[in-house]
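Peer 1: this is a predicted model, with the sequence first.
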Amino acid sequence: MKEPVAISDVLDTFTDLWSPRIAGSVNDYDVRLAKVRGEHIWHTHDHTDEFFLVVEGELRIGLREPAGERTVTLSKGSLFTVPRGVEHKPSAPSGAVIMLVEPTGTLTVGDRHEEVPAHVDVTTGHPLA
């Protein structure tokens, strides 16, 4: 990438929910943008952490940790990293735009997951059109 990328321009290129677009890269990591609403699925990334930054709206992330289950709530401008191996479930009842940073090739549903409903795109991220 040799030119700056405006987040708003990326967001104008798609309407699909839970279907991230690769907006850039850093070393061997993708910087992905996604529009989300409703619930994702419980899933686990066995070999990588997952970084979330809320660009617009509010994101909730359910976590199943050794000490029990909890939910973190991220408002616009907040970030959170889910550690590798922690089962988690993002949701956005009112909708949100999120940025994710993950190793290139990481599936949106992780390495282990519950059944994938039709509204969740199983992808490693879509290139920009």
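Peer 2: Sure, I can see it.

Peer 1: now do the phi/psi pair for Leu74.
Peer 2: Dihedral pair for Leu74: phi -110, psi 120, per degrees, to the nearest 10.

Peer 1: might one say that it is in contact with Ile61?
Peer 2: Yes - with contact defined as CB atoms under 8 Å, Leu74 reaches Ile61; the gap is 7.1 Å. The way it works is simple: take the backbone N, C-alpha and C, and place the C-beta from them, glycine included.

Peer 1: least trustworthy helix or strand in the protein by mean pLDDT?
Peer 2: strand 112-113 (a mean of 88; mean pLDDT, DSSP states H and E).

Peer 1: adjacent strands (with direction) for it?
Peer 2: strand 43-44 (antiparallel) (DSSP bridges).

Peer 1: going by residue numbers, what spans are helices in this structure?
Peer 2: 7-11 (DSSP state H).

Peer 1: quick one: low-confidence ranges for it?
Peer 2: Scanning the chain for pLDDT under 70 picks out 1.

Peer 1: pull the residues that contact the least confident helix or strand of the chain.
Peer 2: Strand 112-113 is contacted from outside by 41-44, 46, 87, using CB atoms under 8 Å, 6 or more residues apart in numbering.

Peer 1: restricted to buried residues, select those residues in ChimeraX.
Peer 2: Listed next is the ChimeraX selection for buried residues among those, using 16 or more other CB atoms under 10 Å:
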select :41,42,43,44,87
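
Peer 1: which two in the contacts of strand 112-113 are spaced the farthest apart?
Peer 2: Ile41 and Asp46 (15.7 Å; CB to CB).

Peer 1: and the residue nearest the centre of the chain?
Peer 2: Leu100 (4.8 Å; CA atoms, centre = their mean).

Peer 1: mind listing what the residue lying closest to it once chain neighbours are set aside touches?
Peer 2: Leaving aside its chain neighbours, Leu100 sits nearest to Arg32 (4.5 Å; criterion: CB to CB, 6 or more residues apart in numbering). By CB under 8 Å, 6+ apart, the contact set of Arg32 is 20-23, 99-102, 125.

Peer 1: follow-up on the earlier one: out of the contacts of strand 112-113, which comes closest to Val109?
Peer 2: Nearest to Val109, judged by CB to CB, of the contacts of strand 112-113 is His43 at 5.0 Å.
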